[in-house]
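S.K.: this one's sequence-less:
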């Protein structure tokens with residue numbers, strides 16, 4: 001990829017923060033948007049704005065057609081049937097839809113829901129809610145010292161035939177790329193259905209749901225150059241058809257009478273009310289941008305920039321990096337903690353605050369994975385994450401800023417002594 005020219009497509013990268021050129025290292029939280037996506041939103045409101053699936057006028061027809069064209073693009077992007085694509089607000093809502101409309105109705109007391117120790121809150125809290133209500137149990141596939149799933153233990157736990165398995169494809173803290181295809185096969189051999197949280201994987205690698213054979217997949221537009229407020233649930237057609245609607249209202253019905261209603265076919269039955277039309281339509285431009293760039297190129301750039309960042313961090317004294325060690329395949333992010341010369345942790349919030357003064361955006365905290373941080377026995381961590389517009393020069397500038405922070409804290413120690 002010609003990253004220099006590619007970066008020109010992202011207007012926000014021209015910004016300055018505190019008089020410094022913006023360095024954006026928080027793409028795991030949300031990516032930046034190319035001009036084509038931004039312009040698509042403006043274009044819709046200026047020329048096509050109307051509600052979908054309601055009027056028979058020209059604007060209504062145009063809006064409906066554009067909205068459904070995005071559904072087809074999303075389906076093609078992950079090799080699914082377009083009727084298997086449900087638009088929701090975010091990946092969290094996609095997971096909740098499966099939790100409440102598919103798993104909850106058949107969940108019995110003492111049934112086991114199987115998760116992993118590295119799950120994002122989005123793939124944890126919703127399961128805790130129904131487990132409490134149904135008096136079911138949640139068990140967790142443990143992680144190893146290197147932050148990888150214990151596959152031997154996973155096999156043992158799946159052999160006990162839990163009610164359902166839900167797991168992340170790529171950890172948003174550890175960067176671990178889980179062998180989901182292998183795990184899905186093990187689960188299916190034990191008649192266990194599987195939901196994959198693809199929020200960190202679909203934007204970064206070619207995803208083929210038929211090849212994976214996952215039953216459900218959740219991901220978000222905003223983590224792959226698209227607008228916020230658009231989530232995607234993929235579900236196998238025969239499974240979606242078994243699900244009752246979670247929300248009632250307009251556009252999810254065939255008929256409504258005073259004493260009953262008839263739900264529409266999939267996917268409409270899960271899309272009650274006026275959806276986020278403009279942003280769904282703009283999401284098509286994000287997919288087009290990624291397809292033009294080439295997902296293989298995206299994946300190769302991720303590997304190169306992540307390897308470079310790990311190598312640079314390894315040369316700094318008193319840095320603890322979490323997740324698979326250098327040389328192992330991992331996602332485009334690095335979580336770490338930094339320590340002063342006395343071995344005391346420099347809190348991630350302090351680190352991020354000082355580094356922000358240099359115009360560098362990074363993440364600090366639990367990254368919506370508090371149980372994992374409890375497992376690692378740390379109060380928080382710092383995280384840098386990358387995407388197609390991240391350069392090695394930006395990594396170098398971040399490393400310099402990080403070294404300066406450490407000098408500041410070590411000088412404070414000397415003054416105190």
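M.R.: Perfect, I can see it now. From a predicted model like this one, the values you see are computed outputs, not experimental measurements. Residues are numbered from 1 along each chain as shown.
S.K.: please count neighbours and contacts with C-alpha atoms only from this point.
M.R.: Fine.
S.K.: pretty sure residue 21 sits against residue 356.
M.R.: No. Residue 21 lies out of contact with residue 356 (Cα atoms under 8 Å); the separation is 11.2 Å.
S.K.: residue 187 sits in which helix or strand?
M.R.: Using DSSP states H and E, residue 187 sits within helix 180-189.
S.K.: neighbour count: residue 21 and residue 356, which is higher?
M.R.: residue 356 (18 against 15; other Cα atoms under 10 Å).
S.K.: coming back round to it: just checking, what packs against the following helix or strand past the helix holding residue 187?
M.R.: Sequence order places strand 194-197 as the next helix or strand after helix 180-189, per DSSP H and E. On a contact count with 3 or more Cα pairs under 8 Å, 6 or more residues apart in numbering; DSSP states H and E, strand 194-197 meets strand 164-168, helix 180-189, strand 216-220.
S.K.: and these: which comes nearest residue 310?
M.R.: Closest of the helices and strands packed on strand 194-197 to residue 310 is strand 164-168, at 22.3 Å (criterion: Cα to Cα).
S.K.: between the closest one and strand 216-220, how big is the angle?
M.R.: Interaxial angle, strand 164-168 versus strand 216-220 (axes from the mean of the first three to the mean of the last three Cα atoms, to 10 degrees): 30 degrees.
S.K.: tell me the strands beside strand 164-168, with direction?
M.R.: strand 112-116 (parallel), strand 194-197 (parallel) (DSSP bridges).
S.K.: circling back: what's the closest of the helices and strands packed on strand 194-197 to residue 99?
M.R.: Checking the helices and strands packed on strand 194-197 against residue 99 by Cα to Cα gives strand 164-168 as the closest, at 9.8 Å.
S.K.: where's that closest one relative to the chain centroid, distance-wise?
M.R.: Distance of strand 164-168 from the chain centroid (Cα atoms, centre = their mean, to the nearest Å) equals 14 Å.
S.K.: show me what the mean pLDDT comes to for that strand.
M.R.: Averaged across strand 164-168, the pLDDT comes to 98.
S.K.: tell me the angle of it relative to helix 180-189?
M.R.: Using the same axes, to 10 degrees: strand 164-168 against helix 180-189 is 180 degrees.
S.K.: at which residues are the helices of this protein located?
M.R.: In the chain, the helices defined using DSSP state H lie at 3-7, 35-47, 58-77, 91-98, 125-134, 151-159, 180-189, 209-212, 237-240, 277-293, 295-314, 348-356, 370-376, 392-416.
S.K.: including distance to residue 265 and mean pLDDT, could those go into TSV?
M.R.: Below are the helices of the chain laid out as TSV (distance: least, Cα to Cα, whole Å; pLDDT from 0 to 100):
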stretch	distance to residue 265	mean pLDDT
helix 3-7	41	97
helix 35-47	27	98
helix 58-77	15	97
helix 91-98	16	98
helix 125-134	26	98
helix 151-159	33	98
helix 180-189	27	98
helix 209-212	22	98
helix 237-240	10	98
helix 277-293	20	98
helix 295-314	32	96
helix 348-356	48	95
helix 370-376	38	97
helix 392-416	49	83
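S.K.: nearest to residue 84, out of the ones you listed?
M.R.: helix 237-240 (5.5 Å).
S.K.: buried stuff in the closest one?
M.R.: Within helix 237-240, the residues that count as buried by 16 or more other Cα atoms under 10 Å are 237, 240.
S.K.: next: stretch 354-368.
M.R.: Neighbour counts over stretch 354-368 (16+ other Cα under 10 Å) mark 354-356, 358-367 as buried.
S.K.: what does stretch 146-164 give?
M.R.: Buried, per 16+ other Cα under 10 Å, within stretch 146-164: 147, 148, 149, 151, 154, 157, 158, 161, 162, 163, 164.
S.K.: a markdown table for these, including distance to residue 46?
M.R.: Output for those, formatted as a markdown table (distance: Cα to Cα, whole Å):
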| residue | distance to residue 46 |
| --- | --- |
| 147 | 49 |
| 148 | 49 |
| 149 | 49 |
| 151 | 53 |
| 154 | 52 |
| 157 | 54 |
| 158 | 53 |
| 161 | 53 |
| 162 | 51 |
| 163 | 49 |
| 164 | 46 |
